[in-house]
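In: Dropping a prediction and its sequence here:
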Amino acid sequence: MGLSLLREAGGNLLLHKGRSFLAALGIIFGVASVICMLSISEVARRDVIGRIERLGLRNIILDSRKPERVRNREKRDSEKSWLANYGLTLRELDLVSDTIGPQGSRPALDALVPMRILFHDVRVGSVASDATIVATTADYPAVMNHSVSRGRFLSDADEAVSAGVCALGATAARELFPLGNPVGQVVEIGSVHFKIVGVMEPHGQTGSSGVLSHPDKTVWIPFETSFVRFGKLQVRRTSGVQEATKVEVNRAVMKVADGVSLRAVASVANNLIDSRHRGGDVVVTVPHTLLREHRKAERIFRWVMASLAAISLLVGGVGIMNIMLANMAERRQEIGLRRALGATRLDIVRLFIAESFVLCLVGSVLGVASGAGLAVLVGQLAQWTVVFEPISFPLGIIVGASTGLLFGTLPAMRAARLDPVLALRVE
Amino acid sequence: MSLLKLDQVAKIYPMPGEDVHALRQITLEIDAGECVSIVGSSGSGKTTLLYLLGLLTDPSRGEYRFDGAAVEDLGDRERSALRGREIGFVFQSFHLLPQLSVLDNVRLAARYAGLGEGVGALQARSRKLLEKVGLAHRLQHRPRELSGGEMQRVAIARALLSEPSVILADEPTGNLDDTNGDRVFGLLQELSDDGKTVVIVTHDLALASKTGRMISLKDGEVVDGSLTAA
Ligand SMILES: Nc1ncnc2c1ncn2[C@@H]1O[C@H](COP(=O)(O)OP(=O)(O)O)[C@@H](O)[C@H]1O
Ligand SMILES: [Mg+2]
């Protein structure tokens, strides 16, 4: 298709600006919605993948879950006070690492980090935070790939002496100390004072739900300290009912050493947990597997997105076709005249296809621009960082313009088949 | 040798019920440089004959030779090239494109004529032709701003742009008053003086009698051969 033909087509379209714009609307909307949808799904995708990746792709996670029987009892005996005892125990952690054992000459696990959730408030004077208190060990930053911003994280020495120290997640630090440097200051957890030894870098959400998925809103204390200062039993009072919970370990994260089969370790862990926790009060999660499953689901999602995109472009294309058909009927005499002036049938086909091509090309450029604009707007309203797959822009334009070629063909063929004698007749 | 030659040509439009015989057994020769008028009542086949001569439609039967070449043997591309380069049409209802200026309407004729001419030269020639038909001062006007006579003169300028050897006019004065009609008719006659072959369909016998030859059609047939004017 020559440049002069495209210019002529563009000129013809400009002769009917309003009608051309209306004709292009379908394509504009089609391409815009595709671009916007692609961007939003890409944001969602990166968010989900990021959360899974931050769980640690070399990690195996054991989580204590409140079992069904406890939950039923909560509902039934909502008047009474009672004790819930479930989940992983400290003794089991040793059992797990013993069972997994070393792989040849070296250990199969780089580390095994326990976590225990404590239901206490954190405050500094009158400033309170709803951050989660998590008791853990010195290996936590290495296993969760979460780095220190100021000061240091909890140490083995802290653990050995059950020190009254803590480290703050980035958000918790900002909430409790909006202005100053928290390191060296003291926070009150429950009614116990803890000295802050460090603040962590912002990390983002890990996993999908639960208090352990928000490391930035967390205050860490040494694992041993939690038992010394707060005991094994935690008592929560809600509207006069006392609920005592005895969960020694809420979560244990094992980091599998490089070169050791993640799958093999996971299967050992699974067998062990299955045999000891038939009630389903401990769940094994392998982020690596999670990611793979997610990618599989993502492929399906992509097909769904692609079909939606195809449908919206189909609608746009049919719109173009209809308007070009109407256009053709309206320009019947012009077609006759062009034929009388020496246009071949092919010339007519080319002119009309060029017109719908230019229309769709311009329409899809506008569509890409407005789709990107819309995505940015949505991103601002929803307060997320907008991301685009760069390929989506040229792709949007190519697909949009091809829609023009495709759906412009039928009207163009009709125009070319028009008998010049009839075309030139004036009713 | 004659430029346009019809031999036993018929044009039949197949219609549900009964076929329409628009032309029956037309045998006709028109020489280069002749000025011929075709007369007849409405529906007698004048337009069909003219469009046939102009390669816009094909005979159902018989043979048509354009400058010696059997039209039947020509493809769409060759016929279109002949229409673009050798034939200029003038229509009763002008067929100017309403969105284009007078100048652009004339220049449109170069679009398919394959003149191989630069934009500047084309522009200059278009102006000159508009000057010739007395419209040098209306170049940028839209057709709707012109009178019928002026529009038809634009159409004549357009028909002349590719310097065709044949001008075919279908009732060119049909939508014009007498004064304008006379002027347009005069312009067309002048063209034959310049050596062009001019065929004018009209039902105005007074005008027709001014042409070199008058062909009278009735029900798709030539009445009593061709009359040659004095
Ligand atoms: N495309 C067509 N389909 C069917 N009938 C047609 C068609 N074109 C012309 N006719 C018929 O052919 C006859 C001659 O028409 P036409 O050449 O337009 O006559 P004129 O120009 O002398 O008025 C008329 O009866 C007309 O109805
Ligand atoms: Mg007629």
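Out: That came through fine. Ligands and ions are numbered 1, 2, ... in the order given.
In: CA atoms for contacts and neighbours, from now on please.
Out: Noted.
In: name the element the residue in the stretch 201-350 of chain A that ligand 1 sits nearest to belongs to?
Out: Per Cα to the nearest ligand atom, residue A:336 is where the stretch 201-350 of chain A lies closest to ligand 1, at 13.1 Å. Assigned by DSSP states H and E, residue A:336 falls within helix A:332-340.
In: So which other helices or strands are in contact with that helix?
Out: Applying 3 or more Cα pairs under 8 Å, 6 or more residues apart in numbering or on different chains; DSSP states H and E, we find helix A:332-340 packed against helix A:420-423, helix B:76-86.
In: separation between residue A:110 and ligand 1?
Out: Applying Cα to the nearest ligand atom, to the nearest Å, the value for residue A:110 to ligand 1 is 89 Å.
In: Looking at the helix or strand containing that residue now, give me its mean pLDDT.
Out: Using DSSP H and E, residue A:110 falls within strand A:109-118. Across strand A:109-118, the average pLDDT comes to 94.
In: Could you do stretch A:181-201 as well?
Out: For stretch A:181-201, mean pLDDT rounds to 94.
In: Please compute how far the helix holding residue A:336 lies from its chain's middle.
Out: Offset of helix A:332-340 from its chain centre (Cα atoms, centre = their mean, to the nearest Å): 57 Å.
In: Convert that helix to PDB, retaining C-alpha atoms only.
Out: C-alpha atoms of helix A:332-340 as PDB (Å, rounded to 0.1, in the frame of the first residue of the first chain):
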ATOM      1  CA  ARG A 332     -22.100   5.300  -4.500                       C
ATOM      2  CA  GLN A 333     -21.900   8.100  -7.000                       C
ATOM      3  CA  GLU A 334     -18.300   8.900  -6.100                       C
ATOM      4  CA  ILE A 335     -17.400   5.300  -6.700                       C
ATOM      5  CA  GLY A 336     -19.200   5.500 -10.100                       C
ATOM      6  CA  LEU A 337     -17.400   8.700 -10.900                       C
ATOM      7  CA  ARG A 338     -14.000   7.300 -10.000                       C
ATOM      8  CA  ARG A 339     -14.700   4.300 -12.200                       C
ATOM      9  CA  ALA A 340     -15.600   6.700 -15.100                       C
END
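In: who touches it?
Out: Residues from elsewhere that reach helix A:332-340, judged by Cα atoms under 8 Å, 6 or more residues apart in numbering or on different chains: A:345, A:348, A:415, A:418-425, B:56, B:80, B:83-84, B:89, B:95, B:97, B:112.
In: pLDDT value on residue A:77, please?
Out: For residue A:77, the pLDDT comes out at 68.
In: Quick check: the residue of chain B nearest chain A.
Out: The minimum distance from chain B to chain A, using Cα to the nearest Cα, falls at residue B:84 (3.7 Å).
In: give me phi/psi at the residue nearest to that residue when sequence neighbours are not counted?
Out: Nearest non-adjacent residue to residue B:84, counting by Cα to Cα, 6 or more residues apart in numbering or on different chains: residue A:342, 3.7 Å away. Backbone torsions for residue A:342, taken as degrees, to the nearest 10, come to phi 120, psi 10.
In: partner residues bridging the residue positioned nearest the centre of chain B?
Out: By Cα atoms, centre = their mean, the mean C-alpha position of chain B lies nearest to residue B:168, the distance being 1.5 Å. Judged by DSSP bridges, the bridge partners of residue B:168 are residue B:89, residue B:199.
In: these two touch, right, it and residue B:90?
Out: Yes: counting by Cα atoms under 8 Å, residue B:168 touches residue B:90, with 6.2 Å between them.
In: Switch the helices and strands packed on helix A:332-340 over to TSV; also include mean neighbour count and mean pLDDT.
Out: Listed next are the helices and strands packed on helix A:332-340 as TSV, based on neighbours: other Cα atoms under 10 Å in any protein chain shown; pLDDT from 0 to 100:
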stretch	mean neighbour count	mean pLDDT
helix A:420-423	18	94
helix B:76-86	21	96
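In: Same list as before, those helices that is, but in a markdown table and with distance to ligand 1 included.
Out: Putting those into a markdown table (distance: least, Cα to the nearest ligand atom, whole Å) gives the following:
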| stretch | distance to ligand 1 |
| --- | --- |
| helix A:420-423 | 6 |
| helix B:76-86 | 19 |
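In: Nearest spatial neighbour of residue A:49, chain-adjacent residues omitted?
Out: residue A:291 (6.9 Å).
In: Repeat that for residue A:163.
Out: That would be residue A:225: by Cα to Cα, 6+ apart, it lies 6.3 Å from residue A:163.
In: Go ahead and confirm the one you found touches residue A:164.
Out: Yes: under the criterion of Cα under 8 Å, residue A:225 makes contact with residue A:164 at 6.8 Å.
In: Show me where chain B dips below the pLDDT cut-off.
Out: Applying pLDDT under 70 to chain B picks out residues B:225-230.
In: Now do the longest helix belonging to chain A: which elements does it pack against?
Out: What stands out as the longest helix in chain A, according to DSSP state H, is helix A:287-330. With contacts taken as 3+ Cα pairs under 8 Å, 6+ apart, helix A:287-330 sits against helix A:17-54, strand A:59-64, helix A:392-417.
In: could you give the angle of it to helix A:392-417?
Out: 30 degrees (axes from the mean of the first three to the mean of the last three Cα atoms, to 10 degrees).
In: quick one, helix A:287-330 and strand A:59-64 angle?
Out: 100 degrees.
In: ok, and the helix or strand in chain A with the lowest average confidence?
Out: Ranked by mean pLDDT, DSSP states H and E, the helix or strand of chain A with the weakest confidence is strand A:234-238, at a mean of 72.
In: buried residues in the helix or strand following it?
Out: Counting by DSSP H and E, the element after strand A:234-238 in chain order, helix or strand, is strand A:241-246. For strand A:241-246, burial by neighbour count (16 or more other Cα atoms under 10 Å in any protein chain shown) applies to A:242, A:243, A:244, A:245, A:246.
In: wait, what's in contact with whichever residue of chain A sits closest to chain B?
Out: At 3.7 Å from chain B, residue A:342 is the closest residue in chain A, using Cα to the nearest Cα. If you count contacts by Cα under 8 Å, 6+ apart, residue A:342 has them with B:79, B:80, B:81, B:82, B:83, B:84, B:85, B:112, B:113.
In: send the alpha carbons of the lengthiest helix in chain B over as CSV?
Out: Looking across chain B with DSSP H, the single longest helix is helix B:178-193. In CSV, the C-alpha atoms belonging to helix B:178-193 read as follows (Å, rounded to 0.1, in the frame of the first residue of the first chain):
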residue,chain,number,x,y,z
ASP,B,178,-31.3,27.8,-22.0
THR,B,179,-28.6,30.4,-21.6
ASN,B,180,-26.3,28.1,-19.6
GLY,B,181,-27.3,25.2,-21.8
ASP,B,182,-26.3,27.0,-24.9
ARG,B,183,-23.0,28.0,-23.4
VAL,B,184,-22.2,24.4,-22.3
PHE,B,185,-23.3,23.0,-25.6
GLY,B,186,-21.1,25.6,-27.3
LEU,B,187,-18.1,24.5,-25.3
LEU,B,188,-18.6,20.9,-26.2
GLN,B,189,-18.9,21.8,-29.9
GLU,B,190,-15.7,23.7,-29.7
LEU,B,191,-14.0,20.6,-28.5
SER,B,192,-14.8,18.8,-31.7
ASP,B,193,-13.3,21.8,-33.6
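In: ok now it, how far from the chain's centre?
Out: Distance, stretch centre to chain centre, for helix B:178-193: 13 Å (Cα atoms, centre = their mean).
In: if we look at it, which residues are touching it?
Out: Helix B:178-193 is contacted by residues B:33-35, B:133, B:149, B:152-153, B:172-174, B:197-198, B:207, B:211 when judged by Cα under 8 Å, 6+ apart.
In: List the buried residues of it.
Out: Using 16+ other Cα under 10 Å as the burial criterion, the residues of helix B:178-193 that qualify are B:180, B:181, B:183, B:184, B:185, B:187, B:188, B:189, B:191, B:192.
In: same deal with stretch A:289-306?
Out: Buried residues in stretch A:289-306, counted by 16+ other Cα under 10 Å: A:290, A:291, A:305.
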